[in-house]
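In: Give me a 3D structure for the following:
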Amino acid sequence: MFEGMAYVYEVYKEMSFSKAAKNLYISQPSLSAAVKKAESRIGFPIFDRSTTPIGLTDLGREYIRSVEMIMDIENGFGNYVNDVNELKSGAISIGGTNLFASYILPPLLSRFTEKYPSVLVNLTEASTAELTERLFSGKLDLMIDNHYMDSDIFEKQFFCEEHLILAAPKKLVEASLSDTYGLTAGDIKRGHHLQPDVPSIPLKLLQGAPFLFLKSGNDTRTRADHICQESRFSPAIKLKLDQQVTAYNLSCYGMGISFTGDILIKHVPENENLIFFKLGSREATRDVNFYYKRSRYMTRTVKEFLRLLDGE
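Out: Reported below is the predicted structural model:
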């Protein structure tokens, strides 16, 4: 019943017979014939060809779900065979947003490849939404993120705690505020902002100052919104951006105040144009975790990488 499922699945991924045929290196008529044969074998259409792009029928959605289960089983067995080789071969695919791919993963991957030089490491840098989809579909083994993930689908291993602070261009902030509440990058790197006697800045004192927010759907944006709502503060949002690193860099050039994690501050060169402020909200603290899919077989390669984190 699932003969030819690779052809059907490629069409599903691309939602296009022409693109799928090109990926499979076969002609479009041959691909169409293979899919029709699979549909004939089932007795129902898999694709709704009346829409543009094509879609799945109700039965088609169930067919794809079953195919993905079969693929998970096949991948699980293949990974098990690699385990037998005692990590003399194998691969691991890890994903992270720009922040984690640039500053957190490189030293970890370097240590791992030094210990297991024959293991192929694939690093993917993308948005949280894209990484989550890839983790769910099995294209990634692990992803590192500070975003909440559905615990019914994904398991996690704690990596570290992150604290949101404000990164503000000095020219946009009154000197009295800097004197009373300001912190330097050195203070952040030493963890001084975590001391309970360090005062948090009342956001209302920054009324009218330009802010750089991330776009909706990002955990930093969600938390920034909650923090502002708690303080009954309406920020003057100048720009909405995709990445925390981009917002921080624009703050360095005086464009506006950004919500920035202390992880980033600890990994970038100090900038004399910035002053930092502690945020007095529970929403400013979040966990950074490595996530993996619960239902997927965990290879020894992945287990060894997660074991490496215990030494951090």
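In: Just the mean pLDDT for the host helix or strand of residue 161, thanks.
Out: Assigned by DSSP states H and E, residue 161 belongs to strand 154-169. For strand 154-169, the mean per-residue pLDDT is 97.
In: That one: which residues count as buried?
Out: With burial defined by 16 or more other C-beta atoms under 10 Å, the residues of strand 154-169 counted as buried are 154, 156, 159, 162, 163, 164, 165, 166, 167, 168, 169. The way it works is simple: take the backbone N, C-alpha and C, and place the C-beta from them, glycine included.
In: Nearest to residue 113, out of those: which one, please.
Out: When these are compared for distance to residue 113 (C-beta to C-beta), residue 159 wins out at 18.6 Å.
In: mind listing what the closest one touches?
Out: Taking C-beta atoms under 8 Å, 6 or more residues apart in numbering, we find residue 159 in contact with 104, 144, 287, 288, 289, 290, 309, 312.
In: Apart from its chain neighbours, what residue comes closest to the first one?
Out: Read that as residue 104. Once flanking residues are discounted, residue 104 sits nearest to residue 144: 6.4 Å by C-beta to C-beta, 6 or more residues apart in numbering.
In: residue ranges of the helices in the stretch 201-312 of the chain, please?
Out: For the stretch 201-312 of the chain, helices defined by DSSP state H, counting those that start in this stretch occupy the ranges 219-230, 244-252, 262-267, 300-309.
In: Tell me the secondary structure at the closest residue to residue 297 other than its chain neighbours.
Out: With C-beta to C-beta, 6+ apart as the criterion, residue 297 has its nearest non-adjacent residue at 3.5 Å, and that residue is residue 76. Here residue 76 is recorded as helix under DSSP: H, G, I helix; E, B strand; the rest coil.
In: Tell me the spacing between residue 76 and residue 63.
Out: Using C-beta to C-beta, to the nearest Å, we find residue 76 at a distance of 20 Å from residue 63.
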